[in-house]
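**Student:** Structure for the following, please:
(2 chains)
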Protein chains: 2
Amino acid sequence: MTESRSTHITWHAGEVSRADREKILGQRGATIWLTGLSGSGKSTIAVATEKRLLEKGRASYVLDGDNIRHGLNRNLGFSPEDRTENIRRIGEVAKLFTDAGILVLTSFISPYRADRDAVRALMENGDFVEVHVAASLETCERRDVKGLYAKARAGEIPEFTGISAPYEKPLEPELEIDTNERSVDECVDQVMQYLEERGYLSA
Amino acid sequence: MTESRSTHITWHAGEVSRADREKILGQRGATIWLTGLSGSGKSTIAVATEKRLLEKGRASYVLDGDNIRHGLNRNLGFSPEDRTENIRRIGEVAKLFTDAGILVLTSFISPYRADRDAVRALMENGDFVEVHVAASLETCERRDVKGLYAKARAGEIPEFTGISAPYEKPLEPELEIDTNERSVDECVDQVMQYLEERGYLSA
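**Tutor:** Numbers count the residues shown, from 1 in each chain, chains lettered A, B, ... in the order given. Presented below is the predicted three-dimensional model:
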């Protein structure tokens, strides 16, 4: 009895809270969810913001197609169910990073309002920062860095967002960034200002 | 043409490497994968190690049943396929944390060698630290904090690892921690010593 009780006591460790992690990192964890058309500038803004945060000594990470589609979500296709599950898993992973105290940026078209709202619903108030990376379809098609719009117009890519599949704009995003006429630096400034003003960069 | 080119140049951001993130955090990212019987002490060691790391100003996070089964893996059951998918997803998430420069600890029984080896195969050399949390079945049953062994012996829990389902010990784990006769602090010392000696605590 004594031995059993002492074993029990010995084998109890103190808790670690999210606040503890945030204090060490000197920031508040959050999910900065970038949504917008292909070519709107999501990835560029995500990486440039991560860079800016790192230069300020803040812990940050970007979830994007490169590290998600070939990893966690490699067993998902492009059916409606799989697209929803794709966004759900990304949301759950972003939530874990947020709980870890990290400023995580996600860069996915995420065209459906219901899917984005489902991710928001997973999180605490203030943990989900929805950023509409807004460029006109015209701007995106003109950029067409990967030649995807040309292929979509030629009918070679079915259900391409903005061409043959809908993009549902956020109704009340925390931030809307118009990338039509602005430099990357100006867009990053806008994100950083939001994070600074709302207290994400201190803990 | 000029406009298009300038737009392209403006919209290219510098890369951020894992080394950049690790430099900011002053540590190397890694997955410290704890495996062992229910009651062997995985969770306790995971949380206590996270605490020790945080006290040293290191960024750390624990993935366990609480934050995974009710989140990312809430749509998985306990069939053999789902158990394998459960571990695969955890491995992919741990890989993302590792790439983010975090010292992530995972606390799952993970009884099958093939599943653990599949996670190891996802990662770069040195990124996966397999830790066998070794307590005898006798010790685990004696602790039986959650009363699970009693239920398993009574046949109320089917396929319970160690009782009615196999546990495949790691053949060449990076660390083996015998928790039968030692305090939590001593076990954490062993993990910390390994991390220190192998250079995970600096970058």
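**Student:** Residue A:162 and chain B, how far apart?
**Tutor:** Going from residue A:162 to chain B by Cβ to the nearest Cβ, to the nearest Å gives 18 Å. For every residue, glycine as well, the C-beta is placed using N, CA and C.
**Student:** cool, residue A:70 as well?
**Tutor:** Applying Cβ to the nearest Cβ, the value for residue A:70 to chain B is 10 Å.
**Student:** ok, that residue - how many residues close by?
**Tutor:** 10 (other Cβ atoms under 10 Å in any protein chain shown).
**Student:** With the one 3 residues further on instead?
**Tutor:** A count of neighbours around residue A:73, defined by other Cβ under 10 Å, yields 21.
**Student:** so what pLDDT did the closest residue to residue A:24 other than its chain neighbours get?
**Tutor:** Of all residues not flanking residue A:24 in the chain, residue B:54 sits nearest, at 5.2 Å (Cβ to Cβ, 6 or more residues apart in numbering or on different chains). We have a pLDDT of 95 for residue B:54.
**Student:** And for the helix or strand that contains residue B:54, what's in contact with it?
**Tutor:** Using DSSP states H and E, residue B:54 falls within helix B:42-55. Where contact means Cβ atoms under 8 Å, 6 or more residues apart in numbering or on different chains, the residues beyond helix B:42-55 that reach it are A:11-16, A:20-21, A:24, B:32, B:34-36, B:59-62, B:64, B:103, B:105-109, B:131, B:133, B:177, B:179, B:184-185, B:187-188, B:191-192.
**Student:** Give me the buried stretch members for that helix, please.
**Tutor:** Across helix B:42-55, burial judged by 16 or more other Cβ atoms under 10 Å in any protein chain shown covers B:42-54.
**Student:** Quick one: mean pLDDT for stretch A:21-38?
**Tutor:** 97.
**Student:** which regions of chain A sit below the pLDDT cut-off?
**Tutor:** The model of chain A has pLDDT under 70 over residues A:1-14.
**Student:** could you pull out the strands for it?
**Tutor:** A:30-35, A:60-64, A:103-107, A:128-134, A:175-178 (DSSP state E).
**Student:** okay, the angle between the longest helix anywhere in chain A and strand A:128-134?
**Tutor:** When chain A is parsed with DSSP state H, its longest helix is helix A:80-99. Calculated by axes from the mean of the first three to the mean of the last three Cα atoms, to 10 degrees, helix A:80-99 forms an angle of 120 degrees with strand A:128-134.
**Student:** ok, residues contacting helix A:80-99?
**Tutor:** A:18, A:29-31, A:33, A:61, A:63, A:68-69, A:72-73, A:76, A:104, A:106, A:108, A:110, A:112, A:115-116, A:118-119, A:122-123, A:127, B:61, B:63, B:67, B:71-72, B:75, B:89, B:93, B:96-97, B:100.
**Student:** give me every residue that touches the spatially most central residue of chain A.
**Tutor:** By Cα atoms, centre = their mean, chain A has its centre lying nearest to residue A:106, at 2.0 Å. By Cβ under 8 Å, 6+ apart, the contact set of residue A:106 is A:31-34, A:46, A:62-64, A:90, A:94.
**Student:** how about stretch A:151-165: buried residues?
**Tutor:** A:152, A:157, A:160-163.
**Student:** neighbours of residue A:75, just the number please.
**Tutor:** Look at residue A:75: counted by other Cβ under 10 Å, it has 10 neighbours.
**Student:** could you list every residue that touches it?
**Tutor:** Contact analysis of residue A:75 by Cβ under 8 Å, 6+ apart lists residue B:85.
**Student:** And it, its phi and psi?
**Tutor:** phi -100, psi 20 (degrees, to the nearest 10).
**Student:** circling back to that earlier point, taking the contacts of helix B:42-55, please make a PyMOL selection of just the buried ones.
**Tutor:** Selection of buried members from the contacts of helix B:42-55 for PyMOL, criterion 16+ other Cβ under 10 Å:
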select buried, (chain A and resi 11+13+16+20+21+24) or (chain B and resi 32+34+35+36+59+60+61+62+64+103+105+106+107+108+109+131+133+177+179+184+187+188+191+192)
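**Student:** before we move on, back to that, how about the strands of chain A in CSV, adding distance to residue A:197?
**Tutor:** Below are these laid out as CSV (distance: least, Cβ to Cβ, whole Å):
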stretch, distance to residue A:197
strand A:30-35, 13
strand A:60-64, 18
strand A:103-107, 14
strand A:128-134, 12
strand A:175-178, 11
